[in-house]
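Undergrad: got a structure for you, letters missing:
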């Protein structure tokens with residue numbers, strides 16, 4: 001196994017619960033095998049702690065967790081695998097920027113976002129190139145705009161999690177693989193109409 005663990009949560013129906021509950025699960029990126037899952041009342045630190053504890057009990061050689069931006073993942077991970085890295089899904093991170101700037105409905109920040117995507121997330125292959133890309137975007141698009149400067153500063157602050165994949169061979173920078181599994185799981189859950197119990 002690769003030690004590259006991709007994780008996500010999917011809300012599922014469980015009999016006797018009014019609302020759907022999260023099924024937190026993950027797979028090995030190299031083999032694409034689902035390794036572990038857990039049902040939880042909420043998608044919180046305790047749910048991820050249980051997930052990582054099960055991985056540790058299985059002696060899974062965890063190096064990096066590829067995930068969406070959830071504080072619960074980081075807190076739980078550091079308690080069980082303190083040496084492991086986090087690689088945030090860049091697709092989800094960029095989508096949050098799109099929402100903040102209303103990229104899909106307004107043209108105001110299109111040049112900023114396109115430049116950011118090109119110079120930082122697409123063309124940069126090292127941390128030095130990321131920093132050069134951020135400087136380029138700052139100088140050309142964000143000097144006078146507090147909102148845009150805060151976005152660039154957040155990327156600087158989170159370099160370790162947004163670009164961990166630079167230093168981990170074979171590590172993806174998105175959770176695309178598990179998104180495919182989510183769609184398969186959704187189809188299966190539709191046919192069985194949820195679970196009878198935890």
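TA: Arrived safely. Here the structure is a predicted model, which is why all the values come from computation and not from measurement. Numbers count the residues shown, from 1 in each chain.

Undergrad: So, low pLDDT: which residues of this protein?
TA: For the chain, applying pLDDT under 70 flags the ranges 198.

Undergrad: so where do the strands sit in it?
TA: Counting by DSSP state E, the chain has strands at residues 4-12, 21-28, 34-39, 64-67, 85-88.

Undergrad: now the third one against strand 4-12, angle please.
TA: Just to be clear, that refers to strand 34-39. Angle, strand 34-39 to strand 4-12, by axes from the mean of the first three to the mean of the last three CA atoms, to 10 degrees: 40 degrees.

Undergrad: One more: the second one?
TA: Orientation check (the same axes, to 10 degrees): strand 21-28 against strand 4-12 gives 160 degrees.

Undergrad: TSV for the strands of the chain, including mean neighbour count?
TA: C-beta coordinates here come from the backbone N, C-alpha and C atoms, glycine included. Output for those, formatted as TSV (neighbours: other CB atoms under 10 Å):
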stretch	mean neighbour count
strand 4-12	22
strand 21-28	22
strand 34-39	17
strand 64-67	26
strand 85-88	22
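
Undergrad: And these: which comes nearest residue 161?
TA: strand 85-88 (4.8 Å; CB to CB).

Undergrad: Partner strands of that closest one, with direction?
TA: When pairing is defined by DSSP bridges, strand 85-88 lines up against strand 64-67 (parallel).

Undergrad: gap between the strand it pairs with and the chain center?
TA: 7 Å (CA atoms, centre = their mean, to the nearest Å).

Undergrad: same deal with stretch 48-65?
TA: 17 Å.

Undergrad: who's in contact with that stretch?
TA: 1-7, 24-26, 28, 35-38, 40, 70, 72-73, 75-77, 79-81, 84-87, 164-165, 168, 171 (CB atoms under 8 Å, 6 or more residues apart in numbering).
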